[in-house]
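# Whatever this is, show me its structure:
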Amino acid sequence: MDDSDASGSDVLALAETLYRDAAVELHRVIEALRAGQFGEVRAAQGAIRDLRATALHVLDERGKVDKLRKQITDQVGARGFLDFDGARAEIGRRLACLRDAGGGG
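Numbering: from 1, shown residues only. This next block holds a predicted model:
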């Protein structure tokens with residue numbers, strides 16, 4: 001996947017997949033350690049390191065996606081909501097201009 005083609009959601013999904021894979025590997029290594037296979041200590045350390053790095057990546061991507069969602073919401077209305085009072089005032093102002101321009105009523 002090319003970085004220029006990847007959306008925030010695509011990268012987030014990939015990061016979550018990597019996180020799950022690292023968690024499965026860590027679980028496998030923990031089970032091996034419980035079974036007395038202490039040669040897996042290095043693998044455990046690597047799995048923990050990978051899991052931590054992937055978790056940070058997932059959190060970073062979630063933040064980016066949330067930021068994009070907020071930007072989209074902010075484009076709909078100020079601070080994420082529609083200003084109905086402001087819209088009513090603007091409509092009233094425009095109607096008053098039309099009444100004044102119409103002259104004859």
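# Any idea how many residues pack against Ala15?
Residue neighbour count, defined by other Cβ atoms under 10 Å, stands at 19 for Ala15. Quick note: C-beta positions are derived from backbone N, CA and C, even for glycine.
# Quick check, it in contact with His57.
Yes: the criterion here is Cβ atoms under 8 Å, and Ala15 meets it with His57 at 4.7 Å.
# what's the nearest residue to Arg62 if we skip its chain neighbours?
In this structure, Arg62 finds its nearest non-sequential neighbour in Leu12, 6.2 Å apart by Cβ to Cβ, 6 or more residues apart in numbering.
# Could you check how far the one you found is from Glu61?
Leu12 sits 4 Å away from Glu61, going by Cβ to Cβ, to the nearest Å.
# Equivalent analysis for Asp85, please.
Per Cβ to Cβ, Asp85 is found 37 Å from Glu61.
# Average pLDDT for the one helix or strand Arg99 maps to, rounded please.
Per DSSP states H and E, Arg99 falls inside helix 84-102. Helix 84-102 shows a mean pLDDT of 86.
# tell me the contacts of the residue nearest to Arg62?
With contact taken as Cβ atoms under 8 Å, 6 or more residues apart in numbering, Leu12 is in contact with 58, 61-62, 64-65.
# Next one: the spatially most central residue of the chain relative to Ala13, how far apart?
Among the residues of the chain, the one closest to the centroid is Val65, at 2.6 Å (Cα atoms, centre = their mean). According to Cβ to Cβ, Val65 and Ala13 sit 10 Å apart.
# Past the helix or strand harbouring the residue nearest to Arg62, which element shows up next along the chain?
Per DSSP H and E: Leu12 is located in helix 8-34. The first helix or strand that comes after helix 8-34 along the chain, using DSSP H and E, is helix 41-76.
# Report the buried residues of that following helix.
43-44, 47, 50-51, 54, 57-58, 61 (16 or more other Cβ atoms under 10 Å).
# Per-residue pLDDT of Val65, please?
At Val65, the pLDDT value in this model is 82.
# quick one: it and Ala15 touch, right?
No: using Cβ under 8 Å, Val65 is not in contact with Ala15; the gap is 10.5 Å.
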